[in-house]
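Q: Could you look at this predicted model? Sequence included:
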Amino acid sequence: MFKLEKVCKIYKSKENSVLALNEVSLQVKDNEIVSIVGPSGSGKSTLLNVMSTISDISDGAIIYDEVRLDDLSSDEAAAFRLNKFGFVFQKYYLMPTLNVYDNIVLPVILAGRKIDKMYMETLVEMLGISDQVDKMPDQLSGGQQQRVAIARALILKPEVVFADEPTGNLDSKNSENVIHLILDCAKKYKQTVIYVTHDEKMAALAERTIEIKDGKVIP
């Protein structure tokens with residue numbers, strides 16, 4: 001379970017400081033599907049980034065599975081992310097020099113694990129890209145590239161899947177398909193999903209929606 005206690009995030013520059021998160025406290029249960037909504041610049045992506053240890057916090061505490069994430073060193077946080085979390089972003093971030101198969105299994109190689117070929121086959125079949133594994137990223141449509149990114153996020157069977165505007169670059173039909181794929185996979189593999197979206201229809205698919213405005217969670 002995730003627990004945030006009065007989490008603050010301040011972005012500092014020479015000219016000024018911006019309070020991106022203002023004493024945010026919340027909990028997310030295991031296997032819960034949560035959407036995060038709010039206006040542009042409200043702190044949605046910042047909240048996702050601090051929960052996933054991509055970004056440090058300025059004050060407060062973040063606990064996951066009894067581990068104080070804000071106390072981890074950068075190396076410890078990186079290892080924790082690799083083994084516990086999966087990420088799907090608005091941009092696909094596929095390696096252009098690797099084919100689909102190698103893009104998907106890259107986290108497995110980085111983690112020094114053995115590829116679970118049966119799971120890999122099940123995953124690409126479920127995502128509808130089993131016939132695309134030998135292709136290069138530039139041979140795929142946007143929707144197909146995002147499916148590859150989802151497979152890469154799930155290949156290590158993460159406990160938590162973070163998704164930051166995962167359908168932002170897709171048309172409405174592909175957007176709906178992609179968000180359903182993420183949620184279907186999460187339910188199948190009993191994963192927690194926390195995703196940011198500006199689309200009310202997409203947000204409503206979650207079990208719970210957290211609204212954030214001016215860096216604060218709206219009760």
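A: All right, it came through fine.

Q: Just confirm Glu207 contacts Val28, I think it does.
A: No - taking contacts as CB atoms under 8 Å, Glu207 lies outside contact range of Val28: 10.2 Å. For the C-beta atoms, the positions are set from N, CA and C on the backbone; glycine is no exception.

Q: Need the overlap of contacts for those two.
A: Val34 (CB atoms under 8 Å, 6 or more residues apart in numbering).

Q: More neighbours: which of these two?
A: A count of neighbours by other CB atoms under 10 Å puts Val28 above the other of Glu207 and Val28, at 20 against 12.

Q: now the more buried one, which residues is it bridged with?
A: Beta-bridge partners for Val28, by DSSP bridges, are Phe2.

Q: So it versus Asn83, what's the distance?
A: 19 Å (CB to CB, to the nearest Å).

Q: Let's test this: name the helix or strand in the chain with the lowest mean pLDDT.
A: helix 172-188 (a mean of 87; mean pLDDT, DSSP states H and E).

Q: Going by neighbour count, list what's buried in it.
A: 174-179, 181-183, 185-186 (16 or more other CB atoms under 10 Å).

Q: cool, and stretch 19-38?
A: Those would be 20-22, 24, 26, 28, 31-38, for stretch 19-38 by 16+ other CB under 10 Å.

Q: thinking again about what came up before, out of the buried residues of helix 172-188, which is nearest to Asp71?
A: Ala186 (27.7 Å; CB to CB).

Q: That closest one reaches His180, doesn't it?
A: No - using CB under 8 Å, Ala186 is not in contact with His180; the gap is 10.6 Å.

Q: so which helix or strand takes in the most centrally placed residue in the chain?
A: In the chain, the residue lying closest to the centroid (CA atoms, centre = their mean) is Phe162, at 1.8 Å. Secondary structure assignment for Phe162, by DSSP states H and E: strand 160-164.

Q: hmm, back to that, which residues are in contact with the residue nearest to the centre of the chain?
A: 48, 51-52, 85-88, 194-195.

Q: Check Leu19 too.
A: Leu19 neighbours (CB under 8 Å, 6+ apart): 8-10, 215.

Q: ok, back up a step: rebuild the buried residues of stretch 19-38 as JSON lines, extending it with secondary structure.
A: Formatted as JSON lines, these follow (DSSP: H, G, I helix; E, B strand; the rest coil):
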{"residue": "Ala20", "secondary structure": "strand"}
{"residue": "Leu21", "secondary structure": "strand"}
{"residue": "Asn22", "secondary structure": "strand"}
{"residue": "Val24", "secondary structure": "strand"}
{"residue": "Leu26", "secondary structure": "strand"}
{"residue": "Val28", "secondary structure": "strand"}
{"residue": "Asn31", "secondary structure": "coil"}
{"residue": "Glu32", "secondary structure": "coil"}
{"residue": "Ile33", "secondary structure": "strand"}
{"residue": "Val34", "secondary structure": "strand"}
{"residue": "Ser35", "secondary structure": "strand"}
{"residue": "Ile36", "secondary structure": "strand"}
{"residue": "Val37", "secondary structure": "strand"}
{"residue": "Gly38", "secondary structure": "coil"}
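
Q: which of the residues you listed lies closest to Thr97?
A: Ile36 (33.5 Å).

Q: Pull up the gap between that closest one and Ser25, please.
A: On the measure of CB to CB, Ile36 and Ser25 end up 14 Å apart.
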